[in-house]
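Asker: missing the sequence, but the structure's below:
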């Protein structure tokens with residue numbers, strides 16, 4: 001599925017589409033995040049794009065935090081490194097994002113590796129835009 005002629009044709013089909021539309025189309029074709037990372041790395045944000053800073057909440061001393069908003073209006077909040085957070089902030093992290101069932105709520109996944117955070121971020125970037 002990842003041969004060069006196929007990828008070239010796929011990129012041609014996706015020309016002019018927004019990042020969300022491209023990712024949604026690729027997912028709808030049945031491709032997984034490994035394929036997206038390999039062939040469309042210039043189109044996505046990954047763990048490597050996160051800029052961690054000390055967490056601003058005084059109750060989470062020693063924790064790190066990063067926030068990244070995507071073109072579709074969704075975001076990824078990634079934290080770790082203190083009691084109450086679901087990750088150590090070095091090898092595991094907590095990923096927060098808008099709950100699909102309640103747009104006024106945040107859903108979280110904890111104890112994710114950087115690779116798992118990237119997979120979650122790609123899925124968030126493929127969601128319908130917020131209106």
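Answerer: Happy to help now that I have it. Small disclaimer: the values here were computed from a predicted structure and weren't measured.
Asker: Now stretch 44-64: average pLDDT?
Answerer: Stretch 44-64 carries an average pLDDT of 91.
Asker: residues touching residue 59, list them.
Answerer: By C-beta atoms under 8 Å, 6 or more residues apart in numbering, the residues touching residue 59 are 82, 84. C-beta here means a position set from N, CA and C on the backbone, and glycine is covered the same way.
Asker: so is it in a helix, a strand, or just coil?
Answerer: helix (DSSP: H, G, I helix; E, B strand; the rest coil).
Asker: cool, and residue 24?
Answerer: helix.
Asker: burial measure for it, as a count.
Answerer: Neighbourhood size, residue 24 [other C-beta atoms under 10 Å]: 17.
Asker: dump the residue contacts of it.
Answerer: Contacts for residue 24 (C-beta under 8 Å, 6+ apart) come out as residue 126.
Asker: I'd like to know how far it sits from residue 122.
Answerer: Residue 24 sits 11 Å away from residue 122, going by C-beta to C-beta, to the nearest Å.
Asker: go on, residue 98?
Answerer: Taking C-beta to C-beta as the measure, residue 98 falls 15 Å from residue 122.
Asker: more crowded one of those two?
Answerer: residue 122 (22 against 19).
Asker: Now do the contacts for that one.
Answerer: For residue 122, the contact set (C-beta under 8 Å, 6+ apart) comprises 23, 33, 36-37, 44, 46.
Asker: what about the residue nearest to residue 70 when sequence neighbours are not counted, neighbour count?
Answerer: Once flanking residues are discounted, residue 70 sits nearest to residue 125: 4.9 Å by C-beta to C-beta, 6 or more residues apart in numbering. Counted with other C-beta under 10 Å, residues neighbouring residue 125 total 23.
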